[in-house]
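In: predicted model follows, preceded by the sequence.
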Amino acid sequence: MKKWIIVIVVLLAAFIGSFVPVTKSESFTINAPYGNVYREFTSPKNWLKWQLYLKNLSKSNTIKIDSNKSGFQITAPLVAFNLQNLGLGNFTVSQTQYDKVYSFSFILTPENTGNKTIISLTAQTNLFYYLSGGEGISDRHMPMAGLKPYMESTRQYYGFVIRKELTPEKLIAVKRGSFLNAELYQQSDKMLNQLNDFVKKNQLKIVSPLQQQYVVSTKDSTQIMIGLPIDKKAAIANGIEYMTMPKGRILVGYYSGMYKDKEKLYSAMRQYMTDNYIHPIIQPFERFDNNKLPLSDSSRVNMQLIVPYM
C-alpha cells in the first residue's frame, strides 16, 4: 500500500513540476543581410507579409496596428502581438492567443560575412514543453516562425525568382543598331530577321536563347544589341559580327508578364545586388526562351534578365 502511495506522490509531483516556469534559449541563422531582417522585424506593416497568422488576414481589414516610439502592437482576430524595441538589436515580443500569453526575447546580430543574420531567442515556457522540445522556431505560435522562409525566398522578398548560375563560353552572332524610341520594336524585329536569315543561310545551329541588350538609352533614341548564340562561325555579312561571352558567374532573374512591366525585375535585381554586394561586369541583357522579341509594350514575354558578375 505504501508503495502505491509513493508512486502516486511521485507521479503527482512530476505532473505539477511539469508546469514549473522555465526559460528556453536557442538561435538560428537567416541567410539575409542584417539591415533587411531588421527592417522586416521592426515594421508592423511588414509583419503582414511573413507572420504566419497575419499574412492570411492582411487583406481582410480585420487587423489594427498601434505604433509608439518604443514599438508597436498588432491586433487581429484571436491573436495579438506586442513588440518593444530595447535598442541595439534587442527586442521583447508577447503574443496573446486564446487568452494565453507567450513571451519571447530576441537579439538580432549580423554575422561576420555581412550576408547573414543570427537571431538568438529566449522563450518563457514550462518544464513539460522544455523537455519535449516544444516552443521552438518551427512552432506556429512562435511569432518569428515565418520570417526565415520569407527572407530566404527571392520570390517572396524581392518579388521574383533570382538565382546565381554559371554560364559556359558562348559564341554569339550579334547585330547592333540605334533607333528612335518610337521605332524601336519595329527595327529590332527587322534586326532579328536578319540574324535568323544569316543563321539559316549558313546552316548554323542556335545553341542558346536569343539575347538583347540596351547599350545606351536617351530621351529620344536607344542603341541596342541583339545576339543569337551559335555553334560556329561563318563569313560575316549585312553588318553582323561575332562576340564571345566568356564562361563565368551570372545572376539570373526570371520574369513572365507584359514587357513594359519588366522594369520591376530590373529594380528587384538592382536591390538584390546591393544587398548581397554583387558587382556586375557589364550591363545586363535580356534572354527570351522562344527566340522572339516583344513587338510592343503590351507583348507578353517569358524572359530572364542576365547580369554577369565578378
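Out: That came through, no problem.

In: do I have it right that E152 meets I30?
Out: Yes - using C-beta atoms under 8 Å, E152 is in contact with I30, at 6.7 Å. (Glycine included, C-beta is placed from N, CA and C.)

In: these two: who's more crowded?
Out: I30 (22 against 13; other C-beta atoms under 10 Å).

In: does the more buried one touch S153 like I think?
Out: No - contact between I30 and S153 fails when scored by C-beta under 8 Å: they sit 11.3 Å apart.

In: beta partners for Q73?
Out: D66, N82 (DSSP bridges).

In: low-confidence ranges in this protein?
Out: Applying pLDDT under 70 to the chain flags residues 1-22, 125-141.

In: can you list the domains in it?
Out: Domain assignment for the chain, taken from automatic domain parsing, gives 19-152, 163-308.

In: which element is encountered next along the chain beyond the helix or strand where F179 lies?
Out: Assigned by DSSP states H and E, F179 belongs to strand 170-180. Following strand 170-180 in sequence order, the next helix or strand is helix 184-201 (DSSP H and E).

In: how far away from the center of its chain is that following helix?
Out: 36 Å (C-alpha atoms, centre = their mean, to the nearest Å).

In: and after it, which helix or strand comes next?
Out: Taking DSSP H and E, what comes next after helix 184-201 is strand 210-217.

In: pairing partners for that next one, with directions?
Out: Strand 210-217 has these strand partners (DSSP bridges): strand 221-230 (antiparallel), strand 285-288 (antiparallel).

In: can you list the ones you listed in JSON lines and add mean neighbour count?
Out: As requested, those are exported to JSON lines (neighbours: other C-beta atoms under 10 Å):
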{"stretch": "strand 221-230", "mean neighbour count": "20"}
{"stretch": "strand 285-288", "mean neighbour count": "20"}
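
In: quick one: closest of these to K164.
Out: For the strands paired with strand 210-217, proximity to K164 was assessed by C-beta to C-beta; strand 285-288 is nearest, at 15.6 Å.

In: what angle do strand 210-217 and whichever helix or strand comes after that closest one make with each other?
Out: Beyond strand 285-288 on the C-terminal side, the first helix or strand identified by DSSP H and E is strand 300-308. Here strand 300-308 points in a direction 70 degrees away from that of strand 210-217 (axes from the mean of the first three to the mean of the last three C-alpha atoms, to 10 degrees).

In: for strand 300-308, the distance to its chain's centre please.
Out: Centroid separation for strand 300-308 versus its chain: 16 Å, with C-alpha atoms, centre = their mean.

In: tell me how far stretch 96-108 lies from the chain's centre.
Out: 27 Å.

In: same question, stretch 78-87
Out: 25 Å.

In: now it: buried residues?
Out: 79, 81-83, 85 (16 or more other C-beta atoms under 10 Å).

In: just name the closest of these to Y98, please.
Out: V79 (8.4 Å).

In: can I assume the closest one is in contact with K100?
Out: No - using C-beta under 8 Å, V79 is not in contact with K100; the gap is 10.5 Å.

In: ok, back up a step: closest to N276 out of the strands paired with strand 210-217?
Out: Among these, strand 285-288 sits nearest to N276 (C-beta to C-beta), with 19.9 Å.
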